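Novice: predicted structure and sequence below. I'll ask about it afterward.
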Amino acid sequence: MRFRHVAILLLSALFAAVPQMRAGDDFGLWTELSVEKSICKHLSADFGYDFRTEQNLNAISRHGVSLGLSYKPFKTIKFGDKKNAFSVKFGTGYAFLHDRNPQEDKGIKAKENYTQKGKRNGWNVDSVIDHGYWRNKHRAWFDVSAKLTLGRFSLSVRERYQFTRYNAATCNRDTYRQRYRDLASPGFIGDTYVYNGEKYTEYEQVYIKETDYKASKNRHYLRSRLALDYNIPRCPVDPFVTVEFSNNLSEGMYLEKTRYTVGADWKIGKKHTLSLAYLYDDGQDDDSNGNLHVLEIGYKFKF
């Protein structure tokens, strides 16, 4: 089978794997450029830059830079017919991220209004919208991973502790305040305004524009990832699938996000690798707030 046939099959499988997007789902494009340099026999360093768009490709959601170190405590152990192997790697790194929080509808809050004598007189109803805003994040991590190769299949597992510091930020907030006053008495023939099934004789709407302060915060996560890839004979393209679980350590290992990925790595020579993948994220954490479908494109230069 020629390479172009394999590439067509992989791309067809990639896009066929994309589930039908439901109403409210988001779509994004994530790109990453990285450079990896071997420092010595067991130690290597890497530098990366990533750029992301979301909100159905209409808005930039993040860009950042990262620096990491990887250490292999021993050589890859080969066994059996030498196609089988086992290796362990430790990693640590830091990333500076400039991240955009999208506009958020904070919902409607209704509060009953009472007169000075304690008689219920109506409702105060607030509808609040936080506009999108940018904030800086500092992220550090430490992980350990193990990889087992059996023939042309490779199975790897990675456990990563991740700490993120969210810097304080401000955003514009719109409040639409509605006031319903004075219950209409039976037989009232004037103008009335209905809320919560009741009629009122007075209605007022006020628009308030203000600045909301977002305090700094810290987040601790354990990110567990399983990956399976296959080495196609006489082909530079290696397909892979991964699943990753993000557990909030501050909330008793609460699972906040799961990511599923299917894609392929194309080795363009010994130093260059191009990656193409589809990712599905069902996150409900500080980085996402709903189902996200992503097309990932990556390039790595290794020397």
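Specialist: Thanks, I have the structure now.
Novice: residues near the residue lying closest to Asp126 once chain neighbours are set aside, how many?
Specialist: Leaving aside its sequence neighbours, Asp126 sits nearest to Lys109 (C-beta to C-beta, 6 or more residues apart in numbering; 4.9 Å). Using the backbone N, CA and C atoms, a C-beta is placed for each residue, glycine as well. Lys109 has 11 neighbouring residues, counting by other C-beta atoms under 10 Å.
Novice: after the one helix or strand Lys109 maps to, which helix or strand is next?
Specialist: In the assignment (DSSP states H and E), Lys109 maps to strand 104-114. The helix or strand immediately downstream of strand 104-114 is strand 120-130, counting by DSSP H and E.
Novice: got the angle for that next one vs strand 104-114?
Specialist: Interaxial angle of strand 120-130 relative to strand 104-114 (axes from the mean of the first three to the mean of the last three C-alpha atoms, to 10 degrees): 170 degrees.
Novice: got the buried residues for strand 120-130?
Specialist: If you call a residue buried by 16 or more other C-beta atoms under 10 Å, then strand 120-130 has these buried ones: 121-123, 125-126, 128, 130.
Novice: quick revisit: list the contacts of the strand holding Lys109.
Specialist: 120-130, 179-181, 196, 289 (C-beta atoms under 8 Å, 6 or more residues apart in numbering).
Novice: name the SS class of Ala146, please.
Specialist: State at Ala146, reduced to three classes by DSSP: H, G, I helix; E, B strand; the rest coil: strand.
Novice: quick check, it in contact with Ile77.
Specialist: No - Ala146 is beyond contact range of Ile77, at 11.1 Å (criterion: C-beta atoms under 8 Å).
Novice: identify the contacts common to these two.
Specialist: Common contacts of Ala146 and Ile77 (C-beta under 8 Å, 6+ apart): 86-87.
Novice: name the element Lys137 belongs to?
Specialist: Using DSSP H and E, Lys137 falls in strand 133-150.
Novice: tell me the first helix or strand C-terminal of that strand.
Specialist: strand 153-166.
Novice: quick one on the thing from earlier: which one of the contacts of strand 104-114 is nearest to Gly151?
Specialist: Relative to Gly151, the closest of the contacts of strand 104-114 is Asn289; by C-beta to C-beta it sits at 41.9 Å.
Novice: thinking again about what came up before, same question for the strand holding Lys109, mean pLDDT?
Specialist: Throughout strand 104-114, pLDDT has a mean value of 89.
Novice: flag the shaky bits of the stretch 201-303 of the chain, pLDDT-wise.
Specialist: Applying pLDDT under 70 to the stretch 201-303 of the chain picks out residues 284-289.
Novice: lowest-confidence entry in the buried residues of strand 120-130?
Specialist: Out of these, that is Asn121, at 84.
Novice: I figured Arg135 hits Tyr213, correct?
Specialist: No - Arg135 lies out of contact with Tyr213 (C-beta under 8 Å); the separation is 11.5 Å.
Novice: hey, what's in contact with both of those two?
Specialist: Residues touching both Arg135 and Tyr213 (C-beta under 8 Å, 6+ apart) are Ala168.
Novice: more neighbours, these two?
Specialist: The neighbour count for Arg135 versus Tyr213, taken as other C-beta under 10 Å, is higher for Arg135 (17 against 9).
Novice: residues touching the closest residue to that one other than its chain neighbours, list them.
Specialist: Of all residues not flanking Arg135 in the chain, Ala169 sits nearest, at 3.8 Å (C-beta to C-beta, 6+ apart). Contacts of Ala169 were listed using C-beta under 8 Å, 6+ apart, and they are 133-136, 214.
Novice: mind redoing it with 7 Å?
Specialist: 133-135, 214 (C-beta atoms under 7 Å, 6 or more residues apart in numbering).
Novice: ok, so of those, who is nearest Ile297?
Specialist: Using C-beta to C-beta, Trp134 is the member of those that lies nearest Ile297, at 23.4 Å.
Novice: the closest one reaches His98, doesn't it?
Specialist: Yes - counting by C-beta atoms under 7 Å, Trp134 does reach His98; the two are 6.3 Å apart.
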